[in-house]
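>>> 3D model of this:
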Amino acid sequence: MDLNYLFHRQQVSLMMAAAASGIEARRAHGALARGYAARIARVQASGGVSFPLRGL
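Got it, this is the predicted structure:
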């Protein structure tokens, strides 16, 4: 997975959580951001930077 993509999705999720008007949406977007953070940490811990996604 491309780290730039994961960082981007994490930031979008954080912005959506901050802009959410309801608690459910805030929690959902926050959970997505935490999931992306975990994926980023796994890629970084593996010592490798993966290749960008193709065809997006």
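>>> got a pLDDT number for the nearest residue to Ala20 once chain neighbours are set aside?
Nearest non-adjacent residue to Ala20, counting by C-beta to C-beta, 6 or more residues apart in numbering: Arg26, 4.2 Å away. Every residue, glycine included, has its C-beta placed from N, CA and C. Note on Arg26: pLDDT of 98.
>>> state the distance from Arg26 to Val12.
Here the criterion is C-beta to C-beta, to the nearest Å. By it, Arg26 lies 14 Å from Val12.
>>> need phi/psi at the residue nearest to Ala20.
phi -60, psi -40 (degrees, to the nearest 10).
>>> between the two ends of stretch 15-34, what distance do you get?
Start-to-end span of stretch 15-34 (C-alpha to C-alpha, to the nearest Å) is 13 Å.
>>> which residues touch Phe9?
Phe isn't right for residue 9; it's Arg. By C-beta atoms under 8 Å, 6 or more residues apart in numbering, Arg9 lies in contact with 32, 36.
>>> the chain: helices as residue ranges?
In the chain, helices defined by DSSP state H lie at 3-19, 23-45, listed in chain order.
>>> list the contacts for Val12?
Val12 neighbours (C-beta under 8 Å, 6+ apart): none.
>>> same check on Gly30?
13-14, 17.
>>> cutoff 6 Å now
The neighbours of Gly30, taking C-beta atoms under 6 Å, 6 or more residues apart in numbering as the test, are Ala17.
>>> isn't Tyr36 right up against Phe7?
No. In this structure Tyr36 lies outside contact range of Phe7 using C-beta atoms under 6 Å: 7.8 Å.
>>> those two: who's more crowded?
Remark: of Tyr36 and Phe7, Tyr36 carries more neighbours, 21 against 13, as counted by other C-beta atoms under 10 Å.
>>> distance of that one relative to Ala17?
Noted for Tyr36: a distance of 12 Å to Ala17, by C-beta to C-beta.
>>> go on, Ala33?
Taking C-beta to C-beta, one finds Ala33 at 6 Å from Ala17.
>>> what is the burial count for Arg42?
11.
>>> also Ala41?
Counted with other C-beta under 10 Å, Ala41 comes out at 11.
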